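Let's see this in three dimensions:
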Amino acid sequence: MREVNVSDLTGHGRINKKASKVSEEIFLSYACALLVIAGADGDVSKSEFDYLINKAMRLGATDVLIDKIKQFDWRNADLTELTSSLNAANLPGNGARALLYDAIKVARADGDYHARERDTLDRTAHLLNVDSAIAAKINGIVEMEVEAAALLGDLLEQCD
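All right, here's what the predicted structure looks like:
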């Protein structure tokens with residue numbers, strides 16, 4: 001896997017001198033936490049899973065790492081344990097906020113951001129020591145992105 005900084009995770013991070021390299025172990029915990037959140041509604045849909053795998057591949061995840069993500073048993077995973085490993089890594093550059101952003105994007109990839117996914121995201125924010133107001137703002141940003149994409153799509157489809 002290429003070296004991935006915390007700021008690379010969302011693709012929106014600013015390059016930060018504090019941003020440390022993310023180990024494969026931390027990257028795997030991050031990806032697995034995303035699966036647990038997306039699966040909170042009882043299913044990780046093909047579109048949710050594909051979104052996550054495509055992101056991991058864009059970040060340079062190796063085939064071995066992708067296989068580990070594919071084999072991960074998200075139904076029986078312990079979110080507290082996954083977030084504990086992320087907290088222990090003490091990711092600089094707001095890695096916890098990046099995880100919340102990515103979790104929302106993955107959970108929404110199937111067009112249905114279920115209440116149980118939102119509740120699990122709120123729990124994750126708490127476990128990662130991210131203020132609920134910040135989590136709500138991140139969710140609002142994703143909502144605006146979705147709305148802006150729909151508006152742009154409509155505008156580009158219009159013929160005068």
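
for the protein, which helix is longest?
For the chain, the longest helix by residue count, based on DSSP state H, is helix 132-157.

Same question for it: list its buried residues.
Ala135, Ile138, Asn139, Val142 (16 or more other C-beta atoms under 10 Å). (Each C-beta comes from the backbone N, C-alpha and C, glycine too.)

so which strand or helix has Val130?
Under the criterion of DSSP states H and E, Val130 resides outside all helices and strands.

Could you count how many residues lie near it?
18 (other C-beta atoms under 10 Å).

Over to Lys68?
Neighbour tally, Lys68, other C-beta under 10 Å: 16.

re the thing from before, want to throw the buried residues of helix 132-157 into TSV with distance to Thr62 and pLDDT?
Output for the buried residues of helix 132-157, formatted as TSV (distance: C-beta to C-beta, whole Å; pLDDT from 0 to 100):
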residue	distance to Thr62	pLDDT
Ala135	31	95
Ile138	29	96
Asn139	31	96
Val142	28	96
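
And the residue nearest the centre of this protein?
The C-alpha lying nearest the average C-alpha coordinate of the chain belongs to Asp102 (C-alpha atoms, centre = their mean; 2.3 Å).

now the buried residues of helix 132-157 as CSV including distance to Leu52?
Output for those, formatted as CSV (distance: C-beta to C-beta, whole Å):
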residue, distance to Leu52
Ala135, 19
Ile138, 17
Asn139, 18
Val142, 15
